[in-house]
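Undergrad: Could you look at this predicted model? Sequence included:
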Amino acid sequence: LPHGYEGQGPEHSSARPERYLQLCADYNMQVCVPSNPAQMFHLLRRQMLRPYRKPLIIITPKSLLRHKESVSSLDELTSGTYQVVIGDDTITKPDEVSRVVFCSGKIFYELKAARKEHKIKDIALVRIEQLYPFPHEAFKAQIELYKNTKEVVWCQEEPSNQGAWHRIQHYLLRHLQPHQKLSDAQRASAASPAGGYMGLHNVRQKEVIETALSVGN
């Protein structure tokens, strides 16, 4: 399902992931957001090789088909498995990280670009590539890796009454350390999935990114 906020209007932006997540219970389906070619390959391969069949919902933006950062090596395609959570391999000193931002989909690449632009070294970006069934153990491992971090953020492109936020926030809270606080970076609640023109989209997208990284605060 095409899904990604690119300034093309409501019908081009949202695959309504919240509606699929609302239907999820008793491990009846899978809702995944692969962020690179290797992830897509291993996800489809996993679906075919598993000894059981469950519906698979894949949510991905068209722009990642041509995004210069969304690439995979041949080794990544020929080895490994689907990663339900992808950690931040640029972080060498997790004890010095002040904030961990969790996200899904193409907004990861925009967060990564903004982090580089502002020369931020103490914020980790972690991708949750499977929204349901929620990857509890993999998420918990990331929280334990950044156990000294006080700020945990969920960042999404969708308005706060849409997207994954309401469906997974209790999962996120379940694994936080007592000293950690969960906050969010997302568009304000709205009746429409997205704005109707590029200028408004750019303003809202910038606000989401700046909130997630505390740029200008």
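TA: Received the coordinates, thanks.
Undergrad: Please enumerate the strands of the protein.
TA: 30-32, 56-58, 85-86, 99-103, 123-128, 130-132, 151-159, 181-187 (DSSP state E).
Undergrad: The fifth one to strand 99-103, inter-axis angle?
TA: I take that to be strand 123-128. 30 degrees (axes from the mean of the first three to the mean of the last three C-alpha atoms, to 10 degrees).
Undergrad: Who does strand 123-128 pair with, and is each partner parallel or antiparallel?
TA: strand 85-86 (antiparallel), strand 99-103 (parallel) (DSSP bridges).
Undergrad: Output the lengthiest helix in the chain as PDB, nothing but the C-alphas.
TA: In the chain, ranked by residue count with DSSP state H as the criterion, the top helix is helix 198-213. C-alpha atoms of helix 198-213 as PDB (Å, rounded to 0.1, in the frame of the first residue of the first chain):
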ATOM      1  CA  MET A 198       2.900  21.600  -1.000                       C
ATOM      2  CA  GLY A 199       3.500  24.700   1.000                       C
ATOM      3  CA  LEU A 200       1.400  23.500   3.900                       C
ATOM      4  CA  HIS A 201       3.000  20.100   3.700                       C
ATOM      5  CA  ASN A 202       6.500  21.500   4.000                       C
ATOM      6  CA  VAL A 203       5.600  23.600   7.000                       C
ATOM      7  CA  ARG A 204       4.000  20.700   8.900                       C
ATOM      8  CA  GLN A 205       6.800  18.200   7.900                       C
ATOM      9  CA  LYS A 206       9.400  20.600   9.200                       C
ATOM     10  CA  GLU A 207       7.600  21.000  12.500                       C
ATOM     11  CA  VAL A 208       7.500  17.200  13.000                       C
ATOM     12  CA  ILE A 209      11.200  16.900  12.300                       C
ATOM     13  CA  GLU A 210      12.200  19.800  14.500                       C
ATOM     14  CA  THR A 211      10.000  18.500  17.300                       C
ATOM     15  CA  ALA A 212      11.500  15.000  17.100                       C
ATOM     16  CA  LEU A 213      15.100  16.400  17.200                       C
END
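Undergrad: From the contact counts, what lies against it?
TA: strand 99-103, helix 107-117, strand 151-159, strand 181-187 (3 or more C-beta pairs under 8 Å, 6 or more residues apart in numbering; DSSP states H and E). Glycine gets a C-beta too; all of them are placed from N, C-alpha and C.
Undergrad: Next up, the contacts around the residue nearest the centre of the chain.
TA: Centroid check for the chain by C-alpha atoms, centre = their mean gives S104 as the closest residue, at 1.2 Å. When contacts are counted by C-beta atoms under 8 Å, 6 or more residues apart in numbering, S104 is found next to V33, S35, R127, I128, E129, L131, Q156, A164.
Undergrad: ok, now with 7 Å
TA: S104 makes contact with V33, R127, I128, E129, L131, A164, according to C-beta atoms under 7 Å, 6 or more residues apart in numbering.
Undergrad: just I107 next, same as before
TA: C155, Q156, E157.
Undergrad: rerun that using 6 Å as the cut-off
TA: I107 makes contact with E157, according to C-beta atoms under 6 Å, 6 or more residues apart in numbering.
Undergrad: thinking again about what came up before, could I get the strands of the chain as TSV with mean neighbour count?
TA: Putting the strands of the chain into TSV (neighbours: other C-beta atoms under 10 Å) gives the following:
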stretch	mean neighbour count
strand 30-32	22
strand 56-58	16
strand 85-86	18
strand 99-103	23
strand 123-128	23
strand 130-132	22
strand 151-159	23
strand 181-187	17
